[in-house]
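Chemist: I'd like to go over a predicted model; first the sequence, then the structure.
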Amino acid sequence: MDQPSPGDVRAESPDGTVVVALDVGGTGIKCALVDLDGTPRHLERHPTGADRGADAVVDTIVTVAAGLADRARAAGDTPVAVGLAVPGVVDEAAGVAVWSANLGFRDVPLRDLVGARLGLPAALGHDVRTGGLAEARLGAGRGEDHVLFVAIGTGIAAAHVVGGAAAAGAHGAAGELGHVVVRPGGPRCGCGQSGCLEAVASAAGVGRRYAELTGTPATAAEVAALARAGEPAAVRVWAETVDALADGLVVAQALLDVRTIVLGGGLAEAGADLLDPLRVALRHRLTFHREPRLVRATLGDEAGCLGAALLALDT
């Protein structure tokens, strides 16, 4: 089917027409009823209950989605599709959650299960790609045709959005920027490699590095605040983080040649403390490549849910 142009969502929503959207995380499920113009009409949250096992999580997802559809109908609205976002490896074409450590999923045909229960067309996407889709079409990348969304939280992952569509890759695993090795022989990563960008420059990596240097536990936000105040160990860790991120982003820019890089996730909450030095570091690494616009995400933790809604709209 035709993809929307950059910045476009869909034609004006008929009165009362909505899509059901769920962004399923390891701890909570962010949910919405969304108009066809991309505007949330109703928002709610539910615990995932991942400790109960994969079957119970699937049951919760189906129940919550059906409840949202019923709520829409009770208000006189018409739900026309449902969009789902989950973490892990996702086969978007088949609608299967292939693997998710946080949810205990292995080869769960989630799109068909939810679609059959609600009697609506359904779409399934990866949580970071759906977040990137929303930022590209509704948020900080709106109006751009080539956007890279990079989520920097406990881990690091990316979504490449071209012409309003996020690339999933041949096996549903595109965007694993966090597992580009930027410091050979560096800290061990959860993937088994050493020196991955995620091991060095994620929020978890920042806190771990500061604790190594000082013996004092700290969150990435605390390290950022200490660096702003001039505390030597924090300044060192923050500079190492910026350098590692710049090395990762210059690889991404060499491969993808995007116009805009949107940074989201917990580490991006540092705002100018991160973006200003990162712009300088990235600029110094670029040679013949065009410098991308580097901006902070604007949709916050609603991005994944809004992206799931966009997937539903695209059906």
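Modeler: Sure thing, it's come through.

Chemist: any weak-confidence spans in the chain?
Modeler: Counting by pLDDT under 70, the chain shows low-confidence ranges at 1-15.

Chemist: who touches Arg285 in this structure?
Modeler: Arg285 is in contact with Ala246, Asp247, Val250, counting by CB atoms under 8 Å, 6 or more residues apart in numbering. C-betas here are computed from N, CA, C, even on glycine.

Chemist: against Glu92, how distant is the spatially closest residue to the second one that is not a sequence neighbour?
Modeler: If you skip the residues right next to it in sequence, Asp247 has Val182 as its closest partner in space, 4.4 Å away by CB to CB, 6 or more residues apart in numbering. According to CB to CB, to the nearest Å, Val182 and Glu92 sit 28 Å apart.

Chemist: neighbour-wise, which of the two wins?
Modeler: A direct count of neighbours by other CB atoms under 10 Å for Val182 and Glu92 places Val182 higher, at 22 against 18.

Chemist: quick one: the more buried one and Ser194 touch, right?
Modeler: No. Between Val182 and Ser194 there is no contact under CB atoms under 8 Å: 10.8 Å.

Chemist: neighbours of Val237, how many?
Modeler: 27.

Chemist: picking that back up, closest one of the contacts of Arg285 to Arg129?
Modeler: Val250 (22.1 Å; CB to CB).

Chemist: enumerate the positions of stretch 57-74 that are buried.
Modeler: By neighbour count with 16 or more other CB atoms under 10 Å, stretch 57-74 contains the buried residues Val57, Val58, Thr60, Ile61, Val62, Val64, Ala65, Ala66, Leu68, Ala69, Arg71, Ala72.

Chemist: what's in contact with whichever helix or strand the last one is part of?
Modeler: I take that to be Ala72. Taking DSSP states H and E as the definition, Ala72 sits inside helix 54-74. Residues from elsewhere that reach helix 54-74 (CB under 8 Å, 6+ apart): 18, 20, 22, 24, 29, 31-33, 42, 44, 46, 48-50, 78-79, 82, 84, 103-106, 108, 110, 113-114, 117-118, 120.

Chemist: buried among those? Need that as a selection in ChimeraX.
Modeler: Of the contacts of helix 54-74, the buried ones can be selected in ChimeraX as follows, counting by 16+ other CB under 10 Å:
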select :18,20,22,24,29,31,32,33,46,48,50,79,82,84,103,104,105,108,110,113,114,117,118,120
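
Chemist: about what we covered before: I'd like the buried residues of stretch 57-74 as TSV, with distance to Thr219 appended.
Modeler: Supplementary listing: the buried residues of stretch 57-74 in TSV, determined by distance: CB to CB, whole Å:
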residue	distance to Thr219
Val57	28
Val58	33
Thr60	29
Ile61	30
Val62	35
Val64	30
Ala65	33
Ala66	38
Leu68	33
Ala69	38
Arg71	36
Ala72	39
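
Chemist: those residues: which two are farthest apart?
Modeler: So, those by CB to CB: farthest apart are Val57 and Ala72, at 23.0 Å.

Chemist: tell me the secondary structure at the spatially most central residue of the chain.
Modeler: Geometric centre of the chain, nearest residue: Val128, 2.5 Å, by CA atoms, centre = their mean. Three-state assignment for Val128 (DSSP: H, G, I helix; E, B strand; the rest coil): helix.

Chemist: ok, now how distant is it from Gly153?
Modeler: 10 Å.

Chemist: repeat that for Val96.
Modeler: Relative to Gly153, and taking CB to CB, Val96 is found at 25 Å.

Chemist: again with Val89
Modeler: Val89 sits 18 Å away from Gly153, going by CB to CB.

Chemist: swap in Val20?
Modeler: Taking CB to CB, one finds Val20 at 26 Å from Gly153.

Chemist: equivalent analysis for Ala168, please.
Modeler: Taken as CB to CB, the span from Ala168 to Gly153 is 20 Å.

Chemist: likewise for Ala21?
Modeler: Applying CB to CB to Ala21 and Gly153 gives a distance of 21 Å.
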